[in-house]
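Participant: Pasting the sequence and the predicted coordinates here, then a few questions.
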Amino acid sequence: MRAVVSAGSIEMVEVARFPNGPIERADGLHWDIVALRGSIMAGLRQAFADDPLITSIGIDSWAVDYGLVADGVLLGEPFHYRDDRSTRGVDAVHAVVPPRELFAQTGLQHLPFTTVFQLAAETPERLDAADHLLLIPDLVAFWLTGRPVAEVTNASTTGLLDPRTRAWNEALVERLGVPRHLLPELVQPGETIGPLTASAVEALGAPAGVVVTAVGSHDTASAVAAVPFVRREAAYISCGTWGLVGLETEHPVMTDAAYAANFTNEGGVDGRTRFLHNVMGLWLLSESVRVWEAAGERIDLGRLLAEAAAVTGPVPVFDANDPRFLPPGDMLARIAAALAEQGSPVPSTRAALARCIVESLAVAFASAVRTASELADRPVEVIHLVGGGSLNPLLCQLTADRAGMPVLAGPVEATALGTLLVQARAHGLGGTLESLRALVAQSHPPQRFDPRAA
Ligand code: LRH
């Protein structure tokens, strides 16, 4: 995306879009980082060609995954968090720091793929060889500026940061034997990471003076920064591959009840806390579509969702948070097994299956909103649903129905808006997070879905 932001408007244009997903290698699931790098560089080159007045670049991606860098060179393709090697790391970490204590140290929901578990599954040789551990957006910033940093919102997903001080948890790092030198200096959203290196300037055809600016480099942090909240009694759902459901709070919620409910405290822009629960998200649907298409069907998603909306009569729901849905694979078989285990009939048509998936997501979303509200002791009267899921009217309506409150859908590009606004603010726009959100509300008015009577 590229944008021109002023006090009264955001003009945002999509420059490039490219596919991304897990790729199977001999040693497990990875990211095709060479292809990603090529696409990022081509996109940036195009952006500068389209608008030579660009002054700043901001970078975000999914959380937790990292590259190891030695002498400026990446040591192999980063692993994908859906690779199951990290389950080995879970046992190793819990043997040193039991789960309840780990929550007290990190404030994080247990997810088997958190960076700290991935690191425990690394060989000591690979860790010893490396100079820096760089989360994916930090790796891209390193390529562009030559400066190794850890942007703090994404660093909060590593399981190595203290959520209260937002500094590396030195005692924990030492106890777990993570080589301290791997963890770079932390930077805050809005700080300048650095100017482009001479080779990046040349490769991108960039004008003089362009800098890389730290943003909420965790995609969810940027999405939450751009939620057009108009009142405090509101929850958010950032819905794409995942559904991140929760509240923005002033402080982490580190109670026994939050631990028991498996809620997480991730770092937000401006020192806020993203108190939320990771729900499996549209991955359930996209993997199902992949299975249908692998069997030779052509799926038109819009049409499928319209057919799913037209399904009458009851459809069963399953637990969307079941960890069996995490890895890539035959999602339809797994859903059928989950339904059979609970004695529910397996829908016989594709439309009814799609309805069952979306209905199950809506149930999980509504439940996470209720739990977040209870745990943070804050009333919630409206839900903002941002990201790709906001384009799915069935999901928005069913979430409103199941939660018994209005859903305000959009913007779809909340993450991009969050990255652009934080950069604009750092480079002269000024303002508070609230004024940035007011700008989003004005430029991207959400679509309202009221709950229907049961
Ligand atoms: C969403 C997301 C989410 C993480 C997951 C790894 O893209 O960043 O917040 O938990 O990917």
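Facilitator: Thanks, I have it.
Participant: quick one, strands of the stretch 1-150 of the chain?
Facilitator: Secondary structure of the stretch 1-150 of the chain by DSSP state E, counting those that start in this stretch: the strands cover 2-6, 9-13, 23-25, 28-30, 56-57, 66-70, 73-74, 132-135, 149-151.
Participant: need the residues of the chain near the ligand, please.
Facilitator: Taking C-beta under 6 Å from any ligand atom as the contact definition, the chain meets the ligand at 62, 63, 64, 81, 218, 219, 220, 241, 242, 244, 278. Any C-beta I mention is one placed from the backbone N, CA and C, and that applies to glycine too.
Participant: ok, the third one to residue 338 distance?
Facilitator: With distances taken as C-beta to C-beta, to the nearest Å, residue 64 is found 25 Å from residue 338.
Participant: which stretch among the strands of the stretch 1-150 of the chain comes nearest residue 309?
Facilitator: Nearest of the strands of the stretch 1-150 of the chain to residue 309, taken as C-beta to C-beta: strand 9-13 at 29.3 Å.
Participant: So which elements touch the closest one?
Facilitator: Helices and strands touching strand 9-13, by 3 or more C-beta pairs under 8 Å, 6 or more residues apart in numbering; DSSP states H and E, are strand 2-6, helix 414-424, helix 433-443.
Participant: Tell me which strands it pairs with, and in which orientation.
Facilitator: Sheet pairing for strand 9-13, assigned by DSSP bridges, gives strand 2-6 (antiparallel).
Participant: Now find how far off-centre the partner strand is within its chain.
Facilitator: On the basis of C-alpha atoms, centre = their mean, to the nearest Å, strand 2-6 is displaced by 23 Å from the centre of the chain it belongs to.
Participant: Could you do stretch 144-163 as well?
Facilitator: For stretch 144-163, the distance to the chain centre is 14 Å (C-alpha atoms, centre = their mean).
Participant: quick one: buried residues of it?
Facilitator: 144-163 (16 or more other C-beta atoms under 10 Å).
Participant: can I see the domain layout of the chain?
Facilitator: Domain ranges of the chain: 2-217, 218-454, per automatic domain parsing.
Participant: Now do the end-to-end distance for the last one.
Facilitator: Right, the one you point to is domain 218-454. The first residue of domain 218-454 is 37 Å away from its last residue (C-alpha to C-alpha, to the nearest Å).
Participant: In contact with the spatially closest residue to residue 79 that is not a sequence neighbour, which residues?
Facilitator: Nearest-residue entry for residue 79: residue 30, 5.8 Å, with adjacent residues in sequence omitted and distances by C-beta to C-beta, 6 or more residues apart in numbering. Residue 30 sits next to 22, 23, 77, 78, 79, 80, 83 when contact means C-beta atoms under 8 Å, 6 or more residues apart in numbering.
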